[in-house]
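1. Need the 3D shape of this:
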Amino acid sequence: MFFMPHWTLHMTKTGNGWLSGFAGVLIFSGSLPATRIAIQGLDPFFLTVARASIAGTLALALLLLFRQTRPVRADLLPLFVVMIGVVVGFPLLTALALEHITAAHAVVFIGLLPLSTAIFGVLRGGERPQPAFWLFSAIGSASVVAFAMRNGVAASPLGDALMVAAIVVCGLGYAEGARLSRHLGGWQVISWALVLALPVMLPLTWWAWPATFADVSPAAFCGLAYVSLFSMLIGFVFWYRGLALGGIAGVGQLQLLQPFFGLLLAALLLHEQVPPAMIAVTVVVVACVGGARRFAKSAPVPQRAA
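-> Here you go, the predicted structure:
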């Protein structure tokens, strides 16, 4: 029988986790630009509940199709936390923020997500990164904050505050979902969280239904479709799997790459101005990924000589 050394299995598992996490980041990178496009024709509240209802209905169909076992009672509270963080909190707060700031400005705040995710990974996931990890993560996050406050007062303090709140609840949802994914599975976690929200999201969607869609552009509908299918469901299939396999704190640092991809999309799709300072900040936070990745795992305990 073919034998694969334990360290090789570990490297394969970790590598698959980082690849899966990277795929999730690529998908999530389109979330803020797509949201920005969608709210140009749709109310932010309706967008939030509609995307959750669409994704939740599809998730329920998948769970029934593949005959997934229901979560045990001990998983319900963590699933509720995931629901509040990534199904309701982050989409609603970012949609509200994008009424006051551009997608190019908002997407840089995603650079704070790795730090938020890593902190909750320690608090909820039991991970213990090395001290150097926090240094690289802090440098990336500090660069983002410095950019946001570069003029003393941001273009919209309310928009920035909403984005910070979104980052906090999202980091909690990521860490809690990754912890659950270790025994429930990545796509099952987000699916059950979406289904848990359906009894509330469906009535709210009906209540917030616009009187007419005559003024809604096809682009806005495309934005709704993207955030419903990719941002709300498909992206999490890759993301939670990556966090579970590669580690919450370590793989979470891949979110530092998301501003780079998001800025490109904001410029290409929305024709938004991307100032050189924003690009410089993005380069700095991207450079922190390599350093943080190296020190994401706990340092090995030296063995005493016999």
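2. Now the element after the longest helix out of those in the chain, going C-ward?
-> Counting residues, the longest helix found in the chain (DSSP state H) is helix 157-184. Downstream of helix 157-184, the next assigned helix or strand under DSSP states H and E is helix 186-208.
3. And the average pLDDT for stretch 68-81 is what?
-> Here stretch 68-81 scores 93 as its mean pLDDT.
4. in that stretch, what counts as buried?
-> P71, D75, P78, L79, V81 (16 or more other Cβ atoms under 10 Å). In this view, the C-beta of every residue, glycine as well, is placed from N, C-alpha and C.
5. farthest pair in these?
-> P71 and V81 (12.9 Å; Cβ to Cβ).
6. Among the buried residues of stretch 68-81, which one lies nearest to M201?
-> Distance to M201 across these (Cβ to Cβ) is lowest for L79, with 14.6 Å.
7. For that closest one, list the residues it contacts.
-> P71, L180, V189, W192, A193, L196 (Cβ atoms under 8 Å, 6 or more residues apart in numbering).
8. again, only this time at 6 Å
-> L79 makes contacts with W192, A193, L196, as judged by Cβ atoms under 6 Å, 6 or more residues apart in numbering.
9. now that we have these, which one has the most neighbours?
-> A193 (30 neighbours; other Cβ atoms under 10 Å).
10. how much space between that one and F213?
-> 28 Å (Cβ to Cβ, to the nearest Å).
11. what do you get for L63?
-> Distance of L63 to F213, given as Cβ to Cβ: 30 Å.
12. okay, those two: which has more neighbours?
-> Neighbour count, other Cβ under 10 Å: between L63 and F213, L63 has more, with 18 against 12.
13. Give me the residue ranges of the stretch 101-250 of the chain where confidence is low.
-> 104, 148-155 (pLDDT under 70).
14. 90 instead, please
-> Along the stretch 101-250 of the chain, the parts satisfying pLDDT under 90 run over 101-115, 121-134, 136-161, 181-187, 244-250.
15. quick one: the longest helix of the chain to helix 186-208, angle?
-> 140 degrees (axes from the mean of the first three to the mean of the last three Cα atoms, to 10 degrees).
16. now G41, what's its secondary structure?
-> Here G41 is coil, with the state taken from DSSP: H, G, I helix; E, B strand; the rest coil.
17. residues near the closest residue to L60 other than its chain neighbours, how many?
-> Take L60 and drop its neighbours on the chain: the residue closest to it by Cβ to Cβ, 6 or more residues apart in numbering is V195, 5.1 Å away. When neighbours are counted by other Cβ under 10 Å, V195 registers 23.
18. Is it correct that V195 is in contact with A61?
-> No - the criterion here is Cβ atoms under 6 Å, and V195 misses it with A61 at 10.0 Å.
19. average pLDDT across stretch 47-64?
-> The model assigns stretch 47-64 a mean pLDDT of 95.
20. So which bits of that stretch are buried?
-> Neighbour count says stretch 47-64 has 47-59, 62-63 buried, by 16+ other Cβ under 10 Å.
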